[in-house]
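Novice: structure for the following, please:
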Amino acid sequence: MNIGILSMATYLPNHYMTSKAIAKLAEIPVEIIEGKMGIKKKTIPGPDDHTCEMGIKAAKKAITKAGIDPLSIDLIIYIGEEYKEYPLWTAGIKLQEAIGASQAWAFDVSQRCGTTIMALKLAKNMMLADGKINTVLLAGGYRNGDFINYKNPRTRFMFNLGAGGGAILLQKGIDDNHIMETEMITDGSFSEDVVVVAGGTKYPITLDNLNLYQLDVLDPEGMKERLEKKSMDNFLKVIRKSVTNSGYQEKDIDYIGLLHMKRSAHQNVLKELGLSDTQSIYLENYGHIGQIDQILSLELADQAGKLQDGSVVVLVSAGIGYAWGATTIRWGKGD
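Specialist: Okay, here's the model as predicted:
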């Protein structure tokens with residue numbers, strides 16, 4: 001039984017932070033921001049761009065594009081961030097109510113910037129296992145850029161964090177845009193490297209530690225050394241296993257939807273896979289919108305005519321923790 005993508009959509013705020021603005025705040029030359037970090041501009045939230053709300057906007061667009069009744073949705077998996085309108089809250093249930101999907105049930109999942117890839121695997125497996133789940137909505141928002149202190153050099157690799165929402169509608173029994181196999185790797189040796197220090201049970205927020213309510217890297221040198229040894233290998237491993245397990249070879253890849261990362265890492269992935277710049281889109285005008293990157297890349301590729309019937313597409317993620325993931329999709333109509 002095939003699981004296919006009915007539609008996808010993103011919501012992007014109308015507000016941006018330019019490379020010059022980041023350079024000024026961080027006191028880093030703009031050439032480094034644009035050339036090495038790969039940021040020309042990135043989306044930032046406006047006053048009404050709350051996390052779940054951006055997911056709701058994207059979900060409504062996806063439903064309209066698919067031309068379906070929200071009442072036909074059986075399950076909603078919220079793929080947005082833990083940082084949202086309220087600290088203790090199931091955002092998926094709010095999203096369900098906001099889009100009028102009263103016949104569905106909803107829950108939230110979380111794997112940082114790997115959430116969308118993980119949720120594609122979860123949704124597919126649930127749909128295959130449960131005969132009552134035929135249409136599933138993945139949707140959520142992201143604005144973790146709020147946690148960035150541009151004066152903190154330890155978080156420099158996260159200066160690309162942006163804001164936005166994304167949604168994907170999946171349906172059982174269609175052969176369009178077939179979701180194939182997903183491969184994931186998690187490595188707990190990184191589990192406490194990148195955290196928001198204050199706000200949990202270890203360090204509840206007080207007047208004295210409000211300055212710790214921001215993203216920080218607790219072991220920057222150790223993390224850098226460990227990532228340099230593992231990250232690129234794990235990127236390539238999940239991509240290759242996803243493609244192989246889907247019945248294809250590396251040379252069959254037509255498009256790869258990568259998260260935003262530094263320019264040299266993006267180019268290295270393409271080089272290792274034998275792909276050209278035309279077979280991907282570098283998100284230098286959007287920044288890193290967490291787990292929304294894969295949806296955005298896929299949407300941009302479709303709009304640019306990069307996807308044809310039968311195209312082999314691979315969506316790739318990496319999230320702090322650390323998690324790497326890849327999902328292969330056979331795009332367009334089936335044979």
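
Novice: check whether Ile39 really touches Leu283, as I assumed.
Specialist: No: shown here, Ile39 and Leu283 do not form a contact pair, counting by CB atoms under 8 Å, at 9.2 Å. For glycine as for every other residue, the C-beta is placed from the backbone atoms N, C-alpha and C.

Novice: just want to know which of the two has more residues nearby.
Specialist: For Ile39 and Leu283, the more surrounded residue by other CB atoms under 10 Å is Ile39, and the numbers stand at 28 against 25.

Novice: make sure Tyr16 is actually in contact with Lys42.
Specialist: Yes: under the criterion of CB under 8 Å, Tyr16 makes contact with Lys42 at 6.6 Å.

Novice: what residue spans form the domains of the protein?
Specialist: Domain assignment for the chain by automatic domain parsing gives 3-174, 180-330.

Novice: what score does the residue lying closest to Lys306 once chain neighbours are set aside have for pLDDT?
Specialist: With CB to CB, 6 or more residues apart in numbering as the criterion, Lys306 has its nearest non-adjacent residue at 5.4 Å, and that residue is Tyr255. What the model reports as pLDDT for Tyr255 is 98.

Novice: helix or strand next in line after the helix or strand containing Tyr255, which one?
Specialist: Using DSSP states H and E, Tyr255 maps to strand 253-258. Using DSSP H and E, the next helix or strand after strand 253-258 towards the C-terminus is helix 263-273.

Novice: residues of that following helix that come out buried?
Specialist: The neighbour-count check on helix 263-273 (16 or more other CB atoms under 10 Å) flags Arg263, Ala265, His266, Val269, Leu270, Leu273 as buried.

Novice: could I get those residues in CSV, plus columns for distance to Met223 and pLDDT?
Specialist: Listed next are the buried residues of helix 263-273 as CSV, based on distance: CB to CB, whole Å; pLDDT from 0 to 100:
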residue, distance to Met223, pLDDT
Arg263, 20, 96
Ala265, 15, 96
His266, 20, 97
Val269, 20, 97
Leu270, 25, 98
Leu273, 26, 97
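
Novice: and the longest helix seen in the chain, what does it pack against?
Specialist: For the chain, the helix that runs over the most residues, judged by DSSP state H, is helix 220-245. Here helix 220-245 touches strand 178-186, helix 263-273, strand 312-319, strand 323-330, going by 3 or more CB pairs under 8 Å, 6 or more residues apart in numbering; DSSP states H and E.

Novice: what's the mean pLDDT across the last one?
Specialist: Which is strand 323-330. Taken as a whole, strand 323-330 has an average pLDDT of 98.

Novice: ok so, going back, out of the buried residues of helix 263-273, the closest to His178 would be?
Specialist: Nearest to His178, judged by CB to CB, of the buried residues of helix 263-273 is Leu273 at 21.0 Å.

Novice: list the residues that contact that closest one.
Specialist: Neighbouring residues of Leu273 by CB atoms under 8 Å, 6 or more residues apart in numbering: Leu236, Ile239, Glu250, Ile253, Ile256.

Novice: let me have those in TSV, extended by distance to Pro153.
Specialist: Compiled in TSV, the contacts of Leu273 are given as follows (distance: CB to CB, whole Å):
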residue	distance to Pro153
Leu236	29
Ile239	31
Glu250	37
Ile253	36
Ile256	31
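
Novice: weed out the non-buried ones from those residues.
Specialist: Buried subset of those (neighbour count, 16+ other CB under 10 Å): Leu236, Ile239, Glu250, Ile253, Ile256.

Novice: thought the first one was touching Val269?
Specialist: What that stands for is Leu236. Yes: Leu236 lies in contact with Val269 (CB under 8 Å); the separation is 7.2 Å.

Novice: ok, Ala23 - how many residues close by?
Specialist: So Ala23, with other CB under 10 Å, has 20 neighbours.

Novice: what do you get for Gly173?
Specialist: With other CB under 10 Å as criterion, Gly173 counts 10.

Novice: returning to that earlier point: who has more neighbours, Tyr16 and Lys42?
Specialist: More crowded of Tyr16 and Lys42, by other CB under 10 Å: Lys42, with 27 against 17.
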